[in-house]
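Undergrad: Please find the sequence and the predicted model below.
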Amino acid sequence: MARISACPATNCHTPALSGEGRRCKYTSQSVVNYSIPIFPSGDEKAQVNDEDNAVMNLIRSDDWVVMLDERGRDIGSEQMAELIGDAGNTGASRLSFCIGGPYGHGKQMRKRANASIRLSSMVLNHQIALLVLVEQLYR
């Protein structure tokens with residue numbers, strides 16, 4: 001796998017991980033952050049649907065998708081390494097981690113995800129979730 005992407009639904013820019021991405025000094029992998037702009041409409045369902053459509057447009061058919069969700073499976077660092085290894089064994093060209101917006105993931109993402117994990121039993125905002133995810137990826 002050449003690329004690991006993180007797709008947080010966010011209304012702010014994360015310059016440290018934007019653009020072409022950061023390369024890990026130990027592997028040929030890079031992390032690319034694709035930020036999905038949020039335009040709060042006051043209608044939670046419409047916002048989740050808009051974010052869902054935007055994220056689905058970024059995901060390719062051959063991606064192995066991990067949804068980060070508060071209802072996902074609890075895993076430790078070793079299980080995260082196994083999950084990444086399993087994704088590589090499927091022949092996927094990219095491993096995509098998707099961080100939900102303030103109201104969570106939509107139906108399309110829940111159906112498309114190959115795995116669903118949670119980083120904490122606490123609810124984390126997207127910036128903290130991205131920080132924890134990147135720390136685990138480079139561990």
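TA: The structure has been received and is ready for your questions. Not measured: the values here are computed from a predicted model. Numbers count the residues shown, from 1 in each chain.
Undergrad: CA atoms for contacts and neighbours, from now on please.
TA: Will do.
Undergrad: Assign a three-state SS to Val32, would you?
TA: Put simply, Val32 is strand when judged by DSSP: H, G, I helix; E, B strand; the rest coil.
Undergrad: other SSEs contacting whichever strand in the chain runs longest?
TA: In the chain, taking DSSP state E as the definition, the longest strand is strand 63-74. Packing contacts for strand 63-74, counted by 3 or more CA pairs under 8 Å, 6 or more residues apart in numbering; DSSP states H and E, involve strand 94-99, helix 107-112, strand 115-118.
Undergrad: what angle do whichever helix or strand comes after it and strand 94-99 make?
TA: Per DSSP states H and E, the first helix or strand lying C-terminal to strand 63-74 is helix 77-89. Here helix 77-89 points in a direction 130 degrees away from that of strand 94-99 (axes from the mean of the first three to the mean of the last three CA atoms, to 10 degrees).
Undergrad: and helix 77-89, C-alpha only, in CSV?
TA: The C-alpha trace of helix 77-89 is given here as CSV (Å, rounded to 0.1, in the frame of the first residue of the first chain):
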residue,chain,number,x,y,z
SER,A,77,-1.8,-1.0,19.2
GLU,A,78,-1.0,-4.6,18.3
GLN,A,79,-4.5,-5.1,16.9
MET,A,80,-4.1,-1.9,14.9
ALA,A,81,-0.9,-3.3,13.4
GLU,A,82,-2.7,-6.5,12.5
LEU,A,83,-5.6,-4.6,10.9
ILE,A,84,-3.1,-2.7,8.7
GLY,A,85,-1.4,-6.0,7.8
ASP,A,86,-4.7,-7.6,7.0
ALA,A,87,-5.6,-4.6,4.8
GLY,A,88,-2.3,-5.0,2.9
ASN,A,89,-3.0,-8.7,2.4
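Undergrad: May I see the buried residues of that helix?
TA: Neighbour counts using 16 or more other CA atoms under 10 Å place Met80, Ile84, Ala87, Gly88 of helix 77-89 among the buried residues.
Undergrad: could those be laid out in CSV, adding distance to Gln127 and pLDDT?
TA: As requested, the buried residues of helix 77-89 are arranged in CSV below (distance: CA to CA, whole Å; pLDDT from 0 to 100):
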residue, distance to Gln127, pLDDT
Met80, 19, 91
Ile84, 21, 88
Ala87, 24, 87
Gly88, 26, 85
